[in-house]
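> Build me a structure from this.
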Amino acid sequence: MSRPRTRVDTHVKVLDERVVARAKDRGIDALVYAPHFTRLPTIRDRATRYSDDDLTIVPGREVFTGDWGNRRHLLALGLSEPVPDYITFEGAMAEFDRQDAAVLVPHPEFATVSLTRPEITAHAARIDAIETYDAKLLPHQNARAQRIADELDLPGFGSSYAHLPSTVGEAWTAFEEDLPDADAVVDAFREGRPRTVVHRSGIGHRIRGLVEFAHIAYENTWVKADRLFLSGDEPTLPSNVAYEGRFDDVSVYR
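Here you go, the predicted structure:
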C-alpha cells in the first residue's frame with residue numbers, strides 16, 4: 001500500500017539545518033513551525049529561509065491564552081497578522097475567526113496548559129482539529145485525546161511537538177493528496193480534509209518521546225516565566241509596541 005501523498009509533522013518548536021535534514025530523512029513533506037514567544041513575522045522569515053522544493057515550512061503560532069498560571073494553548077495556522085500571548089481565550093478565538101485561521105488544539109487535557117474536555121466541547125464548532133498523537137506524551141494521554149476527538153467527531157492530527165531536533169518526524173499527519181505549499185496545508189486543516197495520524201514505534205521512538213517529556217520540566221518552570229516578564233516589552237506580550245494597543249482590552253495583564 002502506498003503512503004498518502006503529504007506527511008505533515010504538525011507542530012515543531014525548532015528549525016535549523018539539522019531539523020530540515022532530519023525531516024527529509026524521515027520522509028516528512030511539511031513541518032508546522034510554531035516556536036514559543038516569537039512573533040509571526042520572525043516565524044515567517046525563518047520558514048521561508050528553510051523551505052525548499054522537498055520540504056514546506058508552515059508558519060504557525062501556539063498562542064498562550066489566559067495568565068501564566070491558567071494558560072490554555074491554541075495552535076493557529078494561516079494567520080495574516082500577529083496575535084500576542086496572554087490575552088483572553090475569547091479574545092484569541094475572535095481574532096482567529098477574523099483572520100479565518102485554522103484553529104488546532106495541541107495536547108488536550110495535558111497538565112495545566114491545555115484545553116480541557118469541557119472547554120473543547122463548548123468550542124467544538126470553532127475548532128478544526130485535535131492533537132490525537134503527540135510524540136512526547138505517554139500512551140494513556142494520547143488515548144485520552146483520541147477519545148475526545150472521537151466523541152466530538154473532530155479531525156485529529158499528529159505531531160512530534162519537537163523541542164529537540166532528534167524528535168522531528170516521530171509522528172505526523174498524513175493527508176491523502178498532494179499539498180504543494182503552506183497555503184495548501186492550512187486549507188487542508190481548515191477544511192477538514194481526509195487524513196491519517198501516523199507515528200513511529202519501537203524503543204527508539206519511546207526513548208525520544210521520554211526525553212521530550214522530560215524537557216517539559218524546563219519549558220513550564222517559573223524560571224521561564226520570570227524571564228518572560230523581565231522588561232514587559234517581550235515580543236509576544238500584548239503590551240509590546242508592535243501590537244499598537246490593539247489587544248489592550250483583552251490582555252490578562254494590566
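> In terms of pLDDT, where does the spatially closest residue to S80 that is not a sequence neighbour sit?
Computed as C-beta to C-beta, 6 or more residues apart in numbering, the closest residue to S80 that is not its neighbour in sequence is Q99, at 5.2 Å. Glycine gets a C-beta too; all of them are placed from N, C-alpha and C. pLDDT recorded at Q99 is 98.
> what sits against V83?
Neighbour list for V83: 40, 61, 63, 76, 92, 95-96, 99, 247 [criterion: C-beta atoms under 8 Å, 6 or more residues apart in numbering].
> Kindly present these as JSON lines, with separate columns for distance to E234 and secondary structure.
Formatted as JSON lines, those follow (distance: C-beta to C-beta, whole Å; DSSP: H, G, I helix; E, B strand; the rest coil):
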{"residue": "L40", "distance to E234": "15", "secondary structure": "helix"}
{"residue": "R61", "distance to E234": "15", "secondary structure": "strand"}
{"residue": "V63", "distance to E234": "14", "secondary structure": "strand"}
{"residue": "A76", "distance to E234": "19", "secondary structure": "strand"}
{"residue": "A92", "distance to E234": "17", "secondary structure": "helix"}
{"residue": "E95", "distance to E234": "19", "secondary structure": "helix"}
{"residue": "F96", "distance to E234": "21", "secondary structure": "helix"}
{"residue": "Q99", "distance to E234": "22", "secondary structure": "helix"}
{"residue": "F247", "distance to E234": "14", "secondary structure": "coil"}
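> Give the PyMOL command for selecting the buried subset of those residues.
Applying 16 or more other C-beta atoms under 10 Å to the contacts of V83 leaves a buried subset, and the PyMOL line that selects it is:
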select buried, resi 40+61+63+76+92+95+96+247
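> Adding distance to S159, write the contacts of V83 out as JSON lines.
Listed next are these as JSON lines, based on distance: C-beta to C-beta, whole Å:
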{"residue": "L40", "distance to S159": "19"}
{"residue": "R61", "distance to S159": "15"}
{"residue": "V63", "distance to S159": "16"}
{"residue": "A76", "distance to S159": "14"}
{"residue": "A92", "distance to S159": "20"}
{"residue": "E95", "distance to S159": "23"}
{"residue": "F96", "distance to S159": "19"}
{"residue": "Q99", "distance to S159": "22"}
{"residue": "F247", "distance to S159": "27"}
